[in-house]
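Student: no sequence for this one, just the structure:
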């Protein structure tokens, strides 16, 4: 259309120019008139040639559009394999979504949410041979921590405060814990931990998880989700929560700028593959052995340290 418009304008321009040229009474020499007309025609022809060249250039670019990702037609069954090969080769994280499939379904428009790695992870879980469930389906009790004032922190005491930095490598590390007054537990009784509770971070390094293995007198700080579960091994669930299976789901759900945040509702919606009892028992046995060996290693290190210091 643009080319046709330009072409019409040039023709009209040539017609008016020629009429003006023939009406010019100052040109008396017919040879000069003929030469002027020829020059005008040549100029118009040159412009038309340039327009044709431009059109050819545009058509060539359109033909080269095959380098772009395939359209939604490539998602049809007949093109599915070729499309997957293309995405893996050129655009490993390229996906196409309609408005109905994206914003109207998830409420999210950020491109990070629609990376193909998240879809592949979800597909693997949903096709697990023993099925899957949402984390909330395993939960009996939950609490989201309490915002204890830092002005009330103590260096020593009987009531410890568990913060996000105490959750490390699927273990609860209380070596740098702060303490609260005994009265602080009355502020939020439901946030007091007990053996078997699972703790999950909801800010910063989201999704860090550990299980409370010892009977400790402690409260959980804000932005930590505490859950009690049934029908699934606590130790195995913590391993899954710290694995890539859950990590990819937490990454996808995460919101925020400098610091990523998750809500307790987000966390409870993640998918958990339903490992059979035998597999859970085998994994839990390995975890128990690992914990015992770690404790023995620490004891030996402590013993060696005492002996070295005694020799100095």
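Tutor: Nice, I can see it. This one's a predicted model, so the numbers in the text were calculated from it and none came from an experiment.
Student: Would you state the helices of this structure in chain order?
Tutor: Taking DSSP state H as the test, the helices found in the chain are 2-23, 30-63, 80-89, 103-106, 116-126, 234-241, 244-253, 264-268, 277-311.
Student: Nearest to the spatial middle of this structure, which residue is it?
Tutor: With distances taken as Cα atoms, centre = their mean, residue 252 lies nearest the centre of the chain, 3.5 Å away.
Student: What separation is there between it and residue 116?
Tutor: Per Cβ to Cβ, to the nearest Å, residue 252 is found 11 Å from residue 116. For glycine as for every other residue, the C-beta is placed from the backbone atoms N, C-alpha and C.
Student: do residue 166 as well
Tutor: Taking Cβ to Cβ as the measure, residue 166 falls 35 Å from residue 116.
Student: just to revisit the earlier point, mean pLDDT for the helices of the chain: which is lowest?
Tutor: Of all the helices of the chain, mean pLDDT reaches its minimum on helix 2-23 (a mean of 39).
Student: what about stretch 129-147, distance to the chain center?
Tutor: Here the centre of mass of C-alpha atoms in stretch 129-147, compared against the chain's by Cα atoms, centre = their mean, to the nearest Å, lies 21 Å away.
Student: hmm, who's touching it?
Tutor: 125-126, 187-188, 190-191, 202, 219-232, 237, 264, 267-276 (Cβ atoms under 8 Å, 6 or more residues apart in numbering).
Student: again, only this time at 7 Å
Tutor: 125-126, 187-188, 190-191, 219-232, 264, 267-276 (Cβ atoms under 7 Å, 6 or more residues apart in numbering).
Student: Of those, grab the buried ones for ChimeraX.
Tutor: Buried members of the contacts of stretch 129-147, defined by 16 or more other Cβ atoms under 10 Å, are picked up in ChimeraX with:
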select :125,188,191,219,220,221,223,224,225,226,227,228,229,232,264,267,268,270,271,272,273,274,275
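Student: ok, now which ones touch the nearest residue to residue 122 once chain neighbours are set aside?
Tutor: Sequence neighbours aside, residue 271 is the residue nearest to residue 122 in space, at 6.6 Å (criterion: Cβ to Cβ, 6 or more residues apart in numbering). Going by Cβ under 7 Å, 6+ apart, residue 271 touches 122, 125, 126, 132, 134, 249.
Student: Tally up the residues packed near the nearest residue to residue 248 once chain neighbours are set aside, please.
Tutor: For residue 248, ignoring the flanking residues on the chain, the nearest one in space by Cβ to Cβ, 6+ apart is residue 121 at 4.4 Å. Residue 121 is flanked by 20 other residues according to other Cβ atoms under 10 Å.
Student: Thought residue 250 was touching residue 121, still the case?
Tutor: No: at 11.0 Å, residue 121 and residue 250 do not qualify as touching, with contact defined as Cβ atoms under 7 Å.
Student: Low-confidence stretches in the stretch 51-200 of the chain?
Tutor: 51-94 (pLDDT under 70).
Student: can we see that at 50?
Tutor: Judged by pLDDT under 50, the stretch 51-200 of the chain has its weakly predicted residues at 62-79, 86-87, 89-91.
Student: so how many other residues sit close to residue 251?
Tutor: Neighbour count for residue 251, taken as other Cβ under 10 Å: 18.
Student: Could you measure from it over to residue 170?
Tutor: On the measure of Cβ to Cβ, residue 251 and residue 170 end up 18 Å apart.
Student: same check, this time on residue 192
Tutor: Counting by Cβ to Cβ, the gap between residue 192 and residue 170 amounts to 22 Å.
Student: repeat for residue 152
Tutor: 29 Å.
Student: Same drill for the two, tell me which one is more crowded.
Tutor: Legend: neighbour count by other Cβ under 10 Å for residue 152 and residue 170, higher for residue 170 (17 against 14).
Student: doesn't residue 213 make contact with that one?
Tutor: No: contact criterion Cβ under 7 Å: residue 170 and residue 213 do not qualify, at 10.7 Å.
Student: Going along the chain, name the strands of the stretch 101-250 of the chain.
Tutor: 132-134, 139-143, 159-162, 167-168, 171-172, 178-180, 198-201, 209-211, 218-220, 224-229 (DSSP state E, counting those that start in this stretch).
Student: Looking at those strands, spot the one closest to residue 297.
Tutor: For these, proximity to residue 297 was assessed by Cβ to Cβ; strand 171-172 is nearest, at 13.5 Å.
Student: Now do the closest one: everything it contacts.
Tutor: Outside of strand 171-172, the residues within contact range by Cβ under 7 Å, 6+ apart are 166, 210, 212.
Student: Burial check on the first one, number of neighbours?
Tutor: It refers to residue 166. Neighbour count for residue 166, taken as other Cβ under 10 Å: 24.
Student: contacting residues around it?
Tutor: Per Cβ under 7 Å, 6+ apart, neighbours of residue 166: 172, 173, 174, 177.
Student: out of the residues you listed, who's nearest residue 107?
Tutor: Of all the contacts of residue 166, residue 107 sits closest to residue 172, with 34.5 Å by Cβ to Cβ.
Student: Nice, that's everything, thank you.
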